[in-house]
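Undergrad: Generate coordinates for the sequence data below:
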Amino acid sequence: MTDLIVSPEEEQKAIEARRAYQKQWRAANKDKVREHNRRYWAKKFAELSQDNQIAKSKNTRKVLERLSGVIEDSGGLPTVSDYETLEAAILKYGAENQINMAIEEMSELTKALLKERRQAKSRGFDVSAAEKFEDDIAEEMADVIIILVQLQMMFNNRSKVSWYINSKTKRLKARMGGGTAK
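TA: Numbering: from 1, shown residues only. Model (predicted):
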């Protein structure tokens, strides 16, 4: 009979090995994933342009142009590589404080997005202002991603979050006429 109890040391070694493999895989396949995504969005942009489905909004056009090739990396959300630091922060500051921090970081991202929207409406498109807002938004997005990873650690719900992401993405696809929601 196999002993199913794994010592904390063995579990830590398995976690470290899995992280090393994932980091190695991402590094080895980054260009392939980026190129695949660039081709996909270029095709989508061309289809929408031909069908005249692109909204007249400058922001919508700008986003679609970025997705079709100018965007740095459309391979999904950036990930955190230093999980130990995030775990240490949870232990040092406590779960309740980190939940409060999550609320604060998400509100800061909301504020940055609203500032960008207000600027675009009031003065039209100003490249220098847009770049500053993009930097602010990127910084706040990074804070939110970090705190979301911590929340996922605290609630130990990665598989449930993944399930909801997939479910909601399928529903969105169905709403846009691209498939069935299940």
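
Undergrad: and the next element down the chain from the least confident helix or strand in the chain by mean pLDDT?
TA: Taking mean pLDDT, DSSP states H and E as the measure, the helix or strand of the chain with the lowest value is helix 58-65, at a mean of 58. For helix 58-65, the following helix or strand on the C-terminal side (DSSP states H and E) is helix 83-93.

Undergrad: Could I get the buried residue list for the helix or strand that that next one is followed by?
TA: Elements were assigned by DSSP H and E; along the chain past helix 83-93, the next helix or strand is helix 95-123. Burial within helix 95-123, assessed by neighbour count using 16 or more other C-beta atoms under 10 Å, is assigned to Gln98, Met101, Ala102, Glu105, Leu109, Ala112, Glu116, Gln119, Ala120. Backbone N, C-alpha and C define where each C-beta goes, glycine included.

Undergrad: Go ahead and confirm the first one touches Leu91.
TA: No - the pair Gln98 / Leu91 is not scored as a contact, 10.0 Å apart, by C-beta atoms under 8 Å.

Undergrad: Now do the contacts for Gln98.
TA: Ala89, Ile90, Ile147, Gln150, Leu151, Met154 (C-beta atoms under 8 Å, 6 or more residues apart in numbering).

Undergrad: Quick check: the fifth one touching Ala102?
TA: By that I understand Leu151. Yes - Leu151 is in contact with Ala102 according to C-beta under 8 Å; the separation is 5.7 Å.

Undergrad: what's the single longest helix in the protein?
TA: Scanning the chain for the longest helix, with DSSP state H as the assignment, gives helix 8-50.

Undergrad: Does anything pack onto that one? Which helices or strands?
TA: Using 3 or more C-beta pairs under 8 Å, 6 or more residues apart in numbering; DSSP states H and E as the contact criterion, the secondary-structure elements in contact with helix 8-50 are helix 58-65.

Undergrad: Now do Gly76 against Gly94, distance only.
TA: Counting by C-beta to C-beta, to the nearest Å, the separation of Gly76 from Gly94 is 30 Å.

Undergrad: Equivalent analysis for Ser167, please.
TA: 32 Å.

Undergrad: Now do the longest helix of the chain against helix 83-93, angle only.
TA: Angular relation of helix 8-50 and helix 83-93 on a 0 to 180 degree scale: 110 degrees, by axes from the mean of the first three to the mean of the last three C-alpha atoms, to 10 degrees.

Undergrad: And the contacts of stretch 100-108?
TA: With C-beta under 8 Å, 6+ apart as the criterion, stretch 100-108 contacts Tyr93, Glu140, Asp143, Val144, Ile146, Ile147, Leu148, Gln150, Leu151.
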